[in-house]
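Student: Give me the fold of what follows.
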Amino acid sequence: MSMIKIDMNSPEFIAEMEKTIKFTDKVNKQFGWVYNPQEEVKEGVQMGLARNKMMYNKRFCPCFMVDATGKKPKSVDDRICPCKPAIEKEIPETGSCHCGIFVTPEFAAAKRIEMGMEEVAHTHSRGLTKEEAQMLVNSSELDGDEMASLIEARELGMIDFKLVDVREHMEWQMGHIKGADKLIPTSSFFGSLDEAKLGKDKNIILYCHVGSRSAHCAKILTDSGFTKIGNLTHGIVSYGGEIQR
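Tutor: Predicted coordinates:
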């Protein structure tokens, strides 16, 4: 299955995006939720929902796998927005749905405070020693700051790894981590894997929007005999480094 590309500037996509925004507005009103104050999270999920509606005719959660092999595409995790796990478990327990678009008003207020604090935390660079960089690049799970430090260490020639984006082509166009080496979309992961020519004994780090699809793809690679796979645990939304648009 080749990579599916949707033109974000096409009249069809713009019209679908407008419908999706009305849809997510309505969901918030229905459940008493609000949008995540992180604008890029909100917009990224809305665009993913619009894309899935165009590709599969259903607003499947963009952070989960879609099985499009049969006549009727279905979400592997049974996730159609607003999904049952978000309504029954995630938002009542954590204040946020898995994709991060819908949150409680309390969660949003805390996030706004945290975002003010985060700017201070990210104003200094955390340089790694060569030994620290080599240990960190072998981690199976990485946070946003660790990812930024590894990219910096790679630029200095301390370590080597491939950074692979497993989101869809449109998400990549919207913005990807500066330094990402390849795009292998989850929707065509098996088909694109051979073309990507990733070494089975090389360090490979995967990322997606919030970490679900990349965790799934990491398992596929590990099961296929790849030995050094890392995952950006909370996805591109947790990354404070440079984004290329």
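
Student: ok, V27 - contacts?
Tutor: The neighbours of V27, taking C-beta atoms under 8 Å, 6 or more residues apart in numbering as the test, are W33, C81, P82, F102. C-betas here are computed from N, CA, C, even on glycine.

Student: how much space is there between I151 and E106?
Tutor: 34 Å (C-beta to C-beta, to the nearest Å).

Student: between these two, which one's more packed in?
Tutor: Set I151 next to E106 and count neighbours by other C-beta atoms under 10 Å: I151 wins out with 21 against 10.

Student: That one - nearest residue in space that isn't next to it in sequence?
Tutor: G179 (4.5 Å; C-beta to C-beta, 6 or more residues apart in numbering).

Student: Quick check, that neighbour in contact with K162.
Tutor: No: if you go by C-beta atoms under 8 Å, G179 and K162 don't touch, sitting 10.4 Å apart.

Student: Check the burial of the residue nearest to I151 by counting its neighbours.
Tutor: Counted with other C-beta under 10 Å, residues neighbouring G179 total 17.

Student: Look up which helix or strand it falls in, please.
Tutor: Assigned by DSSP states H and E, G179 belongs to no helix or strand.

Student: Report all helices and strands that the host helix or strand of A108 contacts.
Tutor: According to DSSP H and E, A108 maps onto helix 105-121. Judged by 3 or more C-beta pairs under 8 Å, 6 or more residues apart in numbering; DSSP states H and E, helix 105-121 is in contact with strand 34-35.

Student: Show me what the strand it packs on pairs with in its sheet, parallel or antiparallel.
Tutor: strand 102-103 (antiparallel) (DSSP bridges).

Student: Report the beta-bridge partners for the spatially closest residue to T222 that is not a sequence neighbour.
Tutor: Nearest residue to T222, sequence neighbours excluded (C-beta to C-beta, 6+ apart): I229, at 5.5 Å. When bridges are called by DSSP bridges, I229 pairs up with I204.

Student: Identify the residues contacting I229.
Tutor: Contacts of I229 (C-beta under 8 Å, 6+ apart): S140, I204, I205, L206, A218, L221, T222.

Student: Mind pulling up the pLDDT for the closest residue to the first one other than its chain neighbours?
Tutor: What it means is S140. Of all residues not flanking S140 in the chain, G230 sits nearest, at 5.9 Å (C-beta to C-beta, 6+ apart). We note a pLDDT of 97 for G230 in this prediction.

Student: next one: M3
Tutor: For M3, pLDDT reads 58.

Student: re the thing from before, highest neighbour count among the contacts of V27?
Tutor: Neighbour max across the contacts of V27 (other C-beta under 10 Å) = F102, 27 neighbours.

Student: Find the centremost residue of the chain, please.
Tutor: H209 (1.2 Å; C-alpha atoms, centre = their mean).

Student: how close does it get to H176?
Tutor: Where H176 is concerned, H209 sits at a distance of 11 Å (C-beta to C-beta).

Student: cool, E114 as well?
Tutor: 24 Å.

Student: The two: who's more crowded?
Tutor: H176 (18 against 12).

Student: so how far is the longest helix along the chain off the chain centroid?
Tutor: Ordering each helix of the chain by length in residues (DSSP state H) puts helix 11-31 first. Its chain's C-alpha centre and that of helix 11-31 lie 20 Å apart, by C-alpha atoms, centre = their mean, to the nearest Å.
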